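Trainee: missing the sequence, but the structure's below:
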Ligand SMILES: Cc1ncc(COP(=O)(O)O)c(C=O)c1O
């Protein structure tokens, strides 16, 4: 007892009363966090507070959050309605696990069933997108009695053994010994992709096709319009389940509750996470009852659907509904995309502008030869110093990614486009970064 008290009082790691300095935090990080946990920026801001679409650093500086903690904070930072629901639940009942009955998880399951694509009425709750995908893959194995999977180039599905084996994006596929049961198909827009999928499905050994409707970390690539319905037809023909990973696209991001609705498919299993808890850890794999029925052996996740996250998620769904966040994403996203095209299409440093809703990517020309970290990192650093936090995605890490909280105001987006245009023009006129011609 004494020992732990004294070590606590001397440890530098207690949440200090003095404002945290980047130097101290970087030192602590270097000493105590695995080096794989990387961060953006050479001079990273120390974020101490969030509100709506903004984050604030230790000096009180406002930073417009155009990445939402990687697609999580759709209903805005420290949303008072969600904070109230979570804190009230925190004070009343924190945790039971699913071996006891308590209301929040069940109320959430019922509410989710009402907003998910039709028929996906049964959920398995867990704490992260990775686990939701694992649950979906396991269900597919149990249901079909098969053990192979089809996944797509540039996809990202998580960090555990199977989810990482399902991940094609090099940067996130660290395991040198991925499971051999995962067959990687070319990206959906490639000619012949569906034929290649069919050749595999015809063997009737594939339990599931797992795909993101809009590849997020892969560089904001929406599936071509008819791709998912055609993939679904193939899956049905050969007894394979279609699993849509909506971990990043769910909850209004693409201008619909779920991207499935935008693309006109109802998957056999959908996985959701991130924005469901708006910052509290909660995720789910949802499916039809006859599929869920294949998984009757005991299955549990200690924190799956815990009361605090579930209460927060209920408030998230309320907030989305009351404020029509999906519609807001659709209209703001459409306007933003038009403005980006108007200002930047044809710019020598811009190769493509794409995306749906408030999930947009500006692919930049590879900025030097051979490609190096520096030019893009410098651009991100400048934008951060201008007060804008943007994302960075893509197999070549050259896609500037815009996924703000859906509560963001139009004038903030407009101001950002001005700054981005200025920063790109500046680079061009300084001839600092010459696009690769290849
Ligand atoms: C599409 C997709 N699937 C799965 C994951 C993994 O989710 P988590 O980090 O919650 O495990 C991510 C994370 O970025 C993702 O973008």
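Mentor: Looks like it arrived, so ask away. In this text the structure is predicted, and so the values were computed from the model without any measurement. Numbers count the residues shown, from 1 in each chain.
Trainee: enumerate every residue touching the nearest residue to residue 159 once chain neighbours are set aside.
Mentor: Excluding the flanking residues, the one nearest residue 159 by C-beta to C-beta, 6 or more residues apart in numbering is residue 130, at 5.0 Å. For every residue, glycine as well, the C-beta is placed using N, CA and C. Residues near residue 130 by C-beta atoms under 8 Å, 6 or more residues apart in numbering: 157-160, 163.
Trainee: recalculate using a threshold of 6 Å.
Mentor: Residues near residue 130 by C-beta atoms under 6 Å, 6 or more residues apart in numbering: 158-160, 163.
Trainee: distance of the closest residue to residue 193 other than its chain neighbours from residue 250?
Mentor: Spatial nearest neighbour of residue 193, chain neighbours left out: residue 186 (5.0 Å); criterion: C-beta to C-beta, 6+ apart. Using C-beta to C-beta, to the nearest Å, we find residue 186 at a distance of 25 Å from residue 250.
Trainee: of the two, which one has the most company?
Mentor: Remark: of residue 186 and residue 250, residue 250 carries more neighbours, 30 against 15, as counted by other C-beta atoms under 10 Å.
Trainee: how about the more buried one, phi and psi?
Mentor: Backbone torsions for residue 250, taken as degrees, to the nearest 10, come to phi -70, psi 170.
Trainee: shouldn't it be in contact with residue 258?
Mentor: Yes. Judged on C-beta atoms under 6 Å, residue 250 makes contact with residue 258 at a distance of 5.4 Å.
Trainee: just for the stretch 301-438 of the chain, where's the confidence low?
Mentor: 367-373, 431-438 (pLDDT under 70).
Trainee: taking it, what residue is nearest to the ligand?
Mentor: Nearest residue of the stretch 301-438 of the chain to the ligand (C-beta to the nearest ligand atom) works out as residue 393 at 9.4 Å.
Trainee: next: the chain.
Mentor: For the chain, C-beta to the nearest ligand atom, closest residue to the ligand: residue 129, 2.5 Å.
Trainee: who's in contact with that residue?
Mentor: Residue 129 touches 247, 273, 283, counting by C-beta under 6 Å, 6+ apart.
Trainee: let's see that with 10 Å instead.
Mentor: Shown in contact with residue 129 (C-beta atoms under 10 Å, 6 or more residues apart in numbering): 71, 156-159, 163, 245-248, 250, 271-274, 276, 283-285.
Trainee: chain neighbours aside, what residue packs nearest to the residue most central in space within the chain?
Mentor: By C-alpha atoms, centre = their mean, the chain has its centre lying nearest to residue 248, at 3.2 Å. The shortest distance from residue 248 to any non-neighbouring residue, by C-beta to C-beta, 6+ apart, is to residue 216 (3.9 Å).
Trainee: ok, now which ones touch that neighbour?
Mentor: Per C-beta under 10 Å, 6+ apart, neighbours of residue 216: 70-71, 154-156, 169, 245, 247-249, 253, 274, 355, 359, 361, 391, 393, 401, 403.
Trainee: which residues in the stretch 201-350 of the chain form strands?
Mentor: Ranges of strands in the stretch 201-350 of the chain, per DSSP state E, counting those that start in this stretch, are 206-211, 214-215, 221-222, 241-245, 269-272, 283-287, 350-356.
Trainee: format those as CSV; extra columns: distance to residue 90 and mean neighbour count.
Mentor: Shown next, in CSV, are the strands of the stretch 201-350 of the chain (distance: least, C-beta to C-beta, whole Å; neighbours: other C-beta atoms under 10 Å):
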stretch, distance to residue 90, mean neighbour count
strand 206-211, 34, 26
strand 214-215, 34, 26
strand 221-222, 38, 25
strand 241-245, 30, 28
strand 269-272, 23, 28
strand 283-287, 19, 29
strand 350-356, 36, 19
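Trainee: could you dump the ones you listed to TSV with distance to the ligand?
Mentor: Listed next are these as TSV, based on distance: least, C-beta to the nearest ligand atom, whole Å:
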stretch	distance to the ligand
strand 206-211	9
strand 214-215	8
strand 221-222	12
strand 241-245	5
strand 269-272	7
strand 283-287	6
strand 350-356	14
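Trainee: retrieve the pLDDT associated with residue 3.
Mentor: Listed pLDDT for residue 3 reads 45.
Trainee: now swap in the one 10 residues further on and tell me
Mentor: You'll see residue 13 listed with a pLDDT of 50.
Trainee: start the count at 7 instead of 1 going forward.
Mentor: Taking 7 as the first residue, the last one we looked at is residue 19.
Trainee: how about the residues of the chain that lie near the ligand?
Mentor: 76, 134-136, 139, 162-165, 218, 222-223, 251, 253-254, 279 (C-beta under 6 Å from any ligand atom).
Trainee: does residue 75 count as helix, strand or coil?
Mentor: helix (DSSP: H, G, I helix; E, B strand; the rest coil).
Trainee: for it, what are its contacts?
Mentor: 53, 56, 61, 83, 280-281, 284-285, 395, 397, 409, 411.
Trainee: hang on, the earlier thing: quick one, which of the contacts of residue 222 are buried?
Mentor: With neighbours counted by 16 or more other C-beta atoms under 10 Å, the contacts of residue 222 contain buried members at 77, 160-162, 175, 251, 253-255, 259, 280, 361, 365, 367, 397, 399, 407, 409.
Trainee: from those, which land in helices?
Mentor: residue 77 (DSSP state H).
Trainee: now do residue 108: how many residues are near it, please.
Mentor: 16.
Trainee: quick check on it: phi, psi?
Mentor: phi -150, psi 160.
Trainee: residues contacting it?
Mentor: So residue 108 contacts 99, 101-102, 311-313, 316 (C-beta under 10 Å, 6+ apart).
Trainee: scan those and report the most crowded one.
Mentor: Busiest of the contacts of residue 108 [other C-beta under 10 Å] is residue 316, holding 28 neighbours.
Trainee: which secondary structure state does the nearest residue to that residue once chain neighbours are set aside sit in?
Mentor: Using C-beta to C-beta, 6+ apart and skipping residues adjacent in sequence, the residue nearest residue 316 is residue 110, 3.6 Å away. The three-state label given to residue 110 by three-state DSSP is helix.
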